[in-house]
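1. The sequence and its predicted three-dimensional model are supplied below.
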Amino acid sequence: MPATQTITVFDGLEIHVEPVEEPDPVYFTSDEPEFDVHLRNNDAKYEFSEDSAFRWTIETNPMQIVHTGEVEFGPLDHGEETTVTVGGKVLAYEGHGVLGIATSGASGKNDSDRWQLKTGRERAADPAYSFSVWDESDYNASIRRPKRMQLAMIGTSVILIVFALVQILLAMGIFG
C-alpha cells in the first residue's frame, strides 16, 4: 500500500506528495506515474522567491536512484500554497519505490523579505511518498493467478456440494 508523509522545512514550509492517478493497486515497471507536490508556506521563517527550487528523486530498494529532477516554484508568501507536478518517466525497476524531496538551504539579500530555497543533494532526500513497483508478468504470476485459482476452487466446491445434496435427496427418495 502506498504511504505518504508531510515534510516540513524552515519551520513551516510544508511539502506533501500525492499521485496524479492512484496506482491500481500497484505501479508496474512500464508505468510513467506523475506526482503532485503540494507546497504550503505555513508561516515558515521565510517567504520564498520565484527562483526557489527543490530536488525530487524516485528510488527503488536499496537506495538506487531511478530518476531525479529539479523543480522551480514561487513566489510563495506566508499562507500561500502551490502545486507542481513531477515524474512522468518509466519506473523500470521492480521493488519498493520512494519519491523523495531534497532541500538544502535558503539564501537572500540582507534587505529582502524573500529568500531563495536551494535544492538539496539526491542522497539526502526525505521520503515523501512510497509505493510498490512490480513487473506486470511477476504480478500476474504471484497475485492475480492465485486469486483466480482460489475463486475457481470455491466455485468447484460449491458445485460439488450442490451435486452431493442432489445425490442425498435422490437416495432419500425425495426426488423421483
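-> Yep, it's here.

2. Tell me if Thr68 really is in a helix.
-> No - in this structure, Thr68 is strand, not part of a helix, as judged by DSSP: H, G, I helix; E, B strand; the rest coil.

3. looking at this structure, which helix or strand is least sure?
-> Evaluated with mean pLDDT, DSSP states H and E, the helix-and-strand set of the chain has its lowest mean pLDDT in helix 136-139, which scores a mean of 82.

4. so what's the closest residue to Glu50 other than its chain neighbours up against?
-> Nearest non-adjacent residue to Glu50, counting by C-beta to C-beta, 6 or more residues apart in numbering: Gly74, 4.3 Å away. Every C-beta, even on glycine, is put in place using the N, C-alpha and C of the backbone. Applying C-beta atoms under 8 Å, 6 or more residues apart in numbering to Gly74 gives the contacts 48-52, 82, 117.

5. can you check Asn42 too?
-> The contact partners of Asn42, by C-beta under 8 Å, 6+ apart, come to 12-14, 79.

6. now Ala128, what's its secondary structure?
-> Taking three-state DSSP, the label given to Ala128 is strand.

7. correct me, but it touches Leu99?
-> Yes - with contact defined as C-beta atoms under 8 Å, Ala128 and Leu99 form a contacting pair (5.7 Å).

8. follow-up on the earlier one: closest to Thr29 out of the contacts of Asn42?
-> Distance ranking of the contacts of Asn42 against Thr29, using C-beta to C-beta, places Glu14 first at 31.4 Å.

9. hang on, that closest one in a helix?
-> No - in this structure, Glu14 is strand, not part of a helix, as judged by three-state DSSP.

10. which residues sit against the least confident helix or strand of the chain?
-> Helix 136-139 is contacted by residues 26, 28-30, 94 when judged by C-beta under 8 Å, 6+ apart.

11. and what of stretch 124-133?
-> By C-beta under 8 Å, 6+ apart, the surrounding residues in contact with stretch 124-133 are 1-7, 15-19, 23, 26-29, 31, 35, 37, 55-57, 59-60, 91, 93-102, 104.
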